[in-house]
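Enquirer: below: sequence and its predicted model.
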Amino acid sequence: MVETIKDVEGLDIELEENILRKNQEIAEENRRILDENGILCIDFMGSVGAGKTSVINCLIGALKKKYRIGVVGGDLTTKIDAEILASHGVPVVQINTGRECHLDANLVSRALMRFNLNDIDLLFIENVGNVICPAEFPLGAHRRVAVVSVIESPYLIVKHPLTFASVDVVVLNKVDLAEVVGANLKGFENEILKINPSASVVKMSAKTGNGVKELIDALGI
Amino acid sequence: MHEFSAVKYMIDLLLERLSQEEIEEVVEVTIAVGEFRFLNLDQLRFAYEILSKGTILEGSKLRIEVIEGVIRCDGCGYIGRAGFFEEVHDLVPSMKCPECGKMGEVVRGNEFILRAVRVRCRDSR
């Protein structure tokens, strides 16, 4: 709506335009397409090396007999993670952003077109390794998961409050190493719940598979 | 974060909207940023200064309104402000219900809006 007011100093043009509406609109459209096809979609974010690929790998191993799974992988370069996950025999689409530090709804909408959505029940999206930027770009997923490894800094949570406030589930990964590095698991959990009392915190070792059942429950699968 | 991309989008949108007017000078641009948005105001101003160069926006003032964050608690029905994470940083808004402590839904505070622009037109003198 454009309303113009003329006065001596100049012309005021009122715009009231939502500048970033495009990403929101595309995210909503992605969600509509997923819902139409009966697909539960989960967006995994976390630092480089936290274990996003390993956690997804573990979930696919536990769920592939019961559900038809698809994966969208996001990285600046390489198909390394996609190839690891594709070895399960599930369809994987890799997005290489080249430069961009997060996936956005537009990239995901293009990836969705590469699947036969009729043949998918569960779609996992592995976001670019980055614990900050993905939080601000909704993709249209039903759930958002942050993967944190217990060998990362204990201050990771308090340094990124808006990220942890925006997720449904936090996976504390690599618990098999907690004792070796002296990680305080209860401390991590308390920090998360202080910022986001609604988050489900799942302690896991994607390497051993310990905790995967709890993660499946927490995700509502 | 991504203040430069955000401002680039804003400038593109603004230049498109202004292309139909006979503009002599752009005096001031007003935007509104929600409190829960991950956008740093100083960096927005810096990005605007740099990205407006060479366009009709160069030299114009950027006015930023902050939209206060409002949450709705599905637990106790509270609708209102949620304060800040004081133990974290006084600039980081909380989404926790101040009445019952549950996580609220954001009702207001995620906006990034191009509100208005003040211009001098060739025929307005």
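Expert: Received it, and whenever you're ready, just let me know what you need.
Enquirer: what's the residue nearest to B:Leu15 when sequence neighbours are not counted sitting at in phi/psi?
Expert: Among residues not flanking B:Leu15 along the chain, B:Thr55 sits closest, at 6.3 Å (Cβ to Cβ, 6 or more residues apart in numbering or on different chains). Bear in mind the C-beta positions are built from the backbone N, C-alpha and C, glycine included. When read as degrees, to the nearest 10, the backbone of B:Thr55 gives phi -120, psi 170.
Enquirer: quick one: name whatever helix or strand follows the helix or strand hosting B:Ala32.
Expert: Using DSSP states H and E, B:Ala32 falls within strand B:23-34. Counting by DSSP H and E, the element after strand B:23-34 in chain order, helix or strand, is helix B:41-51.
Enquirer: buried sites along that next one?
Expert: Neighbour-count burial for helix B:41-51, counted by 16 or more other Cβ atoms under 10 Å in any protein chain shown, picks out B:Leu44, B:Ala47, B:Tyr48, B:Leu51.
Enquirer: which neighbouring elements make contact with that helix?
Expert: Contacts defined by 3 or more Cβ pairs under 8 Å, 6 or more residues apart in numbering or on different chains; DSSP states H and E place helix B:41-51 against helix B:3-18, strand B:23-34, strand B:61-67.
Enquirer: which one of the ones you listed lies nearest to A:Ala199?
Expert: For the helices and strands packed on helix B:41-51, the distance to A:Ala199 is smallest for strand B:23-34, at 22.0 Å, taking Cβ to Cβ.
Enquirer: got the angle between the closest one and strand B:61-67?
Expert: Our comparison of strand B:23-34 with strand B:61-67, counting by axes from the mean of the first three to the mean of the last three Cα atoms, to 10 degrees, yields an angle of 20 degrees.
Enquirer: in strand B:23-34, what's buried?
Expert: So for strand B:23-34, counting by 16+ other Cβ under 10 Å, buried means B:Ile23, B:Val26, B:Val27, B:Val29, B:Thr30, B:Ile31, B:Ala32, B:Val33, B:Gly34.
Enquirer: about what we covered before: mind putting the helices and strands packed on helix B:41-51 into JSON lines with mean pLDDT and distance to A:Phe164?
Expert: What follows is the helices and strands packed on helix B:41-51, written out as JSON lines (pLDDT from 0 to 100; distance: least, Cβ to Cβ, whole Å):
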{"stretch": "helix B:3-18", "mean pLDDT": "90", "distance to A:Phe164": "22"}
{"stretch": "strand B:23-34", "mean pLDDT": "93", "distance to A:Phe164": "19"}
{"stretch": "strand B:61-67", "mean pLDDT": "96", "distance to A:Phe164": "23"}
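Enquirer: quick one on the thing from earlier: the residue nearest to B:Leu15: neighbouring residues, count only.
Expert: B:Thr55: 14 surrounding residues under other Cβ atoms under 10 Å in any protein chain shown.
Enquirer: just checking, A:Ile95 touches A:Val71?
Expert: No. At 10.9 Å, A:Ile95 does not count as touching A:Val71 under the criterion of Cβ atoms under 8 Å.
Enquirer: between those two, who's got more neighbours?
Expert: Neighbour count, other Cβ under 10 Å: between A:Ile95 and A:Val71, A:Val71 has more, with 29 against 23.
Enquirer: what packs against the strand or helix carrying that one?
Expert: Taking DSSP H and E as the criterion, the element that holds A:Val71 is strand A:69-75. Applying 3+ Cβ pairs under 8 Å, 6+ apart, we find strand A:69-75 packed against helix A:52-63, helix A:80-86, strand A:92-96, helix A:105-112, strand A:122-126.
Enquirer: strands paired with that strand, and their directions?
Expert: When sheet partners are counted by DSSP bridges, strand A:69-75 sits next to strand A:92-96 (parallel), strand A:122-126 (parallel).
Enquirer: which of those has the lowest average pLDDT?
Expert: If the strands paired with strand A:69-75 are sorted by mean pLDDT, strand A:92-96 sits at the bottom with a mean of 92.
Enquirer: let me see the contact set for A:Asp168.
Expert: By Cβ atoms under 8 Å, 6 or more residues apart in numbering or on different chains, the contact set of A:Asp168 is A:Arg143, A:Arg144, A:Val145, A:Ser198, A:Ala199, A:Ser200, A:Leu219.
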